[in-house]
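> How does the following fold in three dimensions:
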Amino acid sequence: MAIHRPAIFGFVASVTVLGATVVHAEDLSPAREAPSVHAQLVPRQFTTLASVIPAEVEHISVRDGERFADRQVLVRLDCALQRAQLDEARASLAAAEKTRSVNRRLVELHSGGVLEADVATAEAAKARAKVQSAEVTLSKCTIPAPFGGRVVEQKAREHQYVQAGQPLLEILDDSVLEVEFIAPSSWLAWLKAGASLTAVTSTVRVYATLFTVPSLTMKPKES
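You can find the predicted model right below:
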């Protein structure tokens, strides 16, 4: 006879902590105990910075584990070629604008055709777009930090040639942490913003007050 065990539902929660105290195991006091759960602390913001253009890495201002400020330039690429292309585009725009101006003046003097003037205007607009494109490309030669935080891993080295999309730095913001844990479904009755709990990690316990309503995902767990 097959015996079917009932599924006990729990949930996966991800919450932001309003206030948290990290306490090592030897410093625990029974009076401080709150509902306890095994959990992991994860940063709310983390990302991998990558190169947008193919180029040689000229300078990386941070190393593994180092801190950085918001908008601090973390990586600078060698963009001598891109600067030359921008200069060329600007020169082409100046010539196109001059041609456009002359053709418009000839139309006013009834010495030139309207078609030629319109073509010159279009060429000037195309040259202007190329300048804007070159400026955007050149702006990708410096990579600023999207937020303040810490370097997790440096994935490229100075003087290394990287392709577009190649990872350069893995970073995170450790100023705001979230607690991820699996808890029994009975906790749904009290686990709300303002509740307190003890999140047990591998080395420390964190006494936390929840700042946001947990993001919950129901998950069956065998009894």
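> Not counting its neighbours along the chain, what's nearest the residue nearest the centre of the chain?
When the chain is reduced to its mean C-alpha position, the nearest residue by C-alpha atoms, centre = their mean turns out to be T47, at 4.5 Å. Distances taken as C-beta to C-beta, 6 or more residues apart in numbering place I171 nearest to T47, at 6.3 Å, with adjacent residues excluded. To be clear about C-beta, it is placed using only N, CA and C from the backbone, and glycine gets the same treatment.
> What is the burial count for the one you found?
24 (other C-beta atoms under 10 Å).
> How about S175?
There are 12 residues near S175, going by other C-beta under 10 Å.
> With A120 instead?
21.
> Can you pull out the low-pLDDT segments for the protein?
Flagging of the chain using pLDDT under 70 yields the residue ranges 1-34, 202-223.
> Next one: the residue nearest to T47 from F68, what distance?
According to C-beta to C-beta, to the nearest Å, I171 stands 8 Å off from F68.
> tell me, what's touching these two both at once?
Each of 74, 145, 149-151 lies in contact with both I171 and F68 under the rule C-beta atoms under 8 Å, 6 or more residues apart in numbering.
> Check the secondary structure at A89 for me.
Of the three states, A89 takes helix under DSSP: H, G, I helix; E, B strand; the rest coil.
> no, scratch that, I was asking about E116
helix.
> Quick check: beta-bridge partners of the residue nearest to T47?
T47, V151 (DSSP bridges).
> check contacts around E58.
Contacts of E58 (C-beta under 8 Å, 6+ apart): 76-78, 158-159.
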